[in-house]
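Chemist: predicted structure and sequence below. I'll ask about it afterward.
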Amino acid sequence: MTSLPTLPKIKSLRVKGLFGYKDIFLEFKDVTVIVGKNGMGKTTLLKLIHSLLINKTDEYLVSICDFAELSLTNNESISFGGITDDFKKNLLELSVNERIEDLKTSNKKLKITKEMTKIITDMIFNDVDVSNKINDTLKMHKDAIFYKEATEKYIRNELKIRYISTVNISFNADNNIDVGNSISTNLLDLATDNEMRSLLKNNNQLYRDAFLKQINVMLNDTNKQFFYADNEYWVYDENTSKRLSLSQLSSGERQLIYILVTAANIGDSPAVFLMDEPEISLHLSWQEKILDALRKINNNMQIIIVTHSPAIVMNGYMDSYVDIKNIITRNNHG
Ligand SMILES: Nc1ncnc2c1ncn2[C@@H]1O[C@H](COP(=O)(O)OP(=O)(O)O)[C@@H](O)[C@H]1O
Ligand SMILES: [Mg+2]
């Protein structure tokens with residue numbers, strides 16, 4: 001594998017006023033597995049990270065928290081619901097025009113109003129501490145996500161972001177669609193097929209081999225083997241000596257293939273791989289192996305998992321374990 005310059009990863013997440021009364025602080029590693037019971041806010045947490053990364057400024061973020069900030073390892077940040085102290089400090093070191101430019105480029109949706117210009121001008125010429133006023137103004141732009149232009153470019157052009165929700169996978173697995181020629185398939189198999197075709201086309205043999213090796217470690221449990229040749233791929237069932245297509249496999253097998261091929265397709269890119277309850281449909285032994293398989297297929301990506309199942313970390317990933325109870329605190333405001 002080529003050695004890459006160190007590109008920024010996600011360092012931490014700070015959330016204020018989650019559901020109006022909770023705060024969160026969480027530090028990420030290369031692999032972070034957040035474990036908690038139903039209704040603890042795991043899916044919400046993952047969606048929040050995803051929304052910040054993809055700059056999805058819809059009602060969703062506004063409805064679930066007052067403020068959220070993802071810090072990156074290069075000390076830049078992505079924030080929602082106001083500017084951060086770091087951002088403010090940087091702003092104070094600039095001239096009026098630069099301050100306005102910086103605010104503008106930090107969020108293209110934010111219109112720098114006359115009012116805002118006046119506030120910033122006041123801040124310099126009258127030496128008034130108007131940071132509260134700025135925050136008030138920003139509160140009117142509650143749906144704005146702030147980041148520096150360079151960070152935005154990095155995320156848009158270089159960072160690959162994958163959000164894998166097993167709930168969606170299960171839904172898609174049962175959802176049949178007609179793709180023409182009287183062929184009916186389901187969304188999961190269609191998505192898997194897309195990923196497979198892209199993997200088979202890809203020139204990078206390394207990731208293809210890694211995928212094949214890891215999927216076969218898993219399929220070995222049920223005496224099956226994954227094969228590909230030219231543009232075709234299939235699973236050979238040693239019990240029946242038959243070739244099986246995707247649609248003939250169990251939901252756990254299909255889910256696993258989808259997850260692993262998606263990881264392989266990320267290739268050398270820096271990436272954030274978000275997974276919501278990957279354990280659904282997987283028996284215990286696969287739950288224990290999935291992280292190892294993912295890491296062996298692709299070592300570049302940062303993995304963030306929310307799950308019910310501590311089994312996910314059992315096979316060598318105890319350091320990645322985070323109990324959701326230890327990162328959420330009840331705040332005093334609610
Ligand atoms: N806007 C909201 N305001 C207050 N509570 C909410 C809101 N949205 C979700 N919740 C709470 O969050 C819980 C669901 O969180 P979720 O992230 O789906 O949990 P998990 O994935 O851990 O099961 C719900 O049980 C509900 O109590
Ligand atoms: Mg959930």
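Modeler: Now that the structure is in, tell me what you want to look at. Ligands and ions are numbered 1, 2, ... in the order given.

Chemist: so where do the helices sit in the stretch 201-334 of the chain?
Modeler: 205-219, 251-266, 284-297, 311-314 (DSSP state H, counting those that start in this stretch).

Chemist: the closest residue to residue 269 other than its chain neighbours and residue 68, how far apart?
Modeler: Leaving aside its sequence neighbours, residue 269 sits nearest to residue 160 (CB to CB, 6 or more residues apart in numbering; 4.7 Å). In short, each C-beta sits where N, CA and C put it, glycine included. Distance, residue 160 to residue 68, by CB to CB, to the nearest Å: 22 Å.

Chemist: with neighbour numbers in mind, choose between those two.
Modeler: residue 68 (24 against 16; other CB atoms under 10 Å).

Chemist: correct me if wrong: that one contacts residue 48.
Modeler: Yes - contact criterion CB atoms under 8 Å: residue 68 and residue 48 qualify, at 5.9 Å.

Chemist: and for these two, which residues touch both?
Modeler: Common neighbours of residue 68 and residue 48 (criterion: CB atoms under 8 Å, 6 or more residues apart in numbering): 13, 15, 61.

Chemist: just the ones of the residues you listed in strands?
Modeler: 13, 15 (DSSP state E).

Chemist: in contact with residue 315, which residues?
Modeler: Counting by CB under 8 Å, 6+ apart, residue 315 has contacts 288, 289, 291, 292.

Chemist: how about the residues of the stretch 51-200 of the chain by ligand 1?
Modeler: Contact residues, the stretch 51-200 of the chain versus ligand 1 (CB under 6 Å from any ligand atom): 63, 64.

Chemist: could you find the closest non-adjacent residue to the residue most central in space within the chain?
Modeler: Residue closest to the mean C-alpha point of the chain, counted by CA atoms, centre = their mean, is residue 274 at 3.6 Å. Excluding the flanking residues, the one nearest residue 274 by CB to CB, 6+ apart is residue 163, at 4.7 Å.

Chemist: which SS state does that neighbour fall under?
Modeler: Three-state assignment for residue 163 (DSSP: H, G, I helix; E, B strand; the rest coil): strand.

Chemist: pLDDT wise, what is it at?
Modeler: You'll see residue 163 listed with a pLDDT of 94.

Chemist: please apply the same query to residue 113.
Modeler: For residue 113, pLDDT reads 53.

Chemist: distance check, residue 276 against residue 81.
Modeler: 23 Å.

Chemist: can you check residue 188 too?
Modeler: From residue 188 to residue 81 the distance is 35 Å (CB to CB).

Chemist: which stretches of the stretch 201-334 of the chain have low pLDDT?
Modeler: Applying pLDDT under 70 to the stretch 201-334 of the chain picks out residues 333-334.

Chemist: and residue 235, what is it in contact with?
Modeler: Counted by CB under 8 Å, 6+ apart, residue 235 has contacts 219, 224, 225, 226, 227, 243, 244, 245, 249, 253.

Chemist: beta partners of the fifth one?
Modeler: When assigned by DSSP bridges, residue 227 has beta-bridge partners residue 234.

Chemist: for it, give me its contacts.
Modeler: Contacts of residue 227 by CB under 8 Å, 6+ apart are 233, 234, 235, 236.

Chemist: count the neighbours of residue 53 for me.
Modeler: 18.

Chemist: also residue 31?
Modeler: Neighbour tally, residue 31, other CB under 10 Å: 20.

Chemist: ok, it touching residue 290?
Modeler: No - assessed by CB under 8 Å, residue 31 is found out of contact with residue 290, at 11.2 Å.

Chemist: that's a helix at residue 43, yeah?
Modeler: Yes - counting by three-state DSSP, residue 43 is located in a helix.

Chemist: which one is it nearest to, not counting chain neighbours?
Modeler: Looking at residue 43 with CB to CB, 6+ apart, the closest residue is residue 276, at 5.6 Å.
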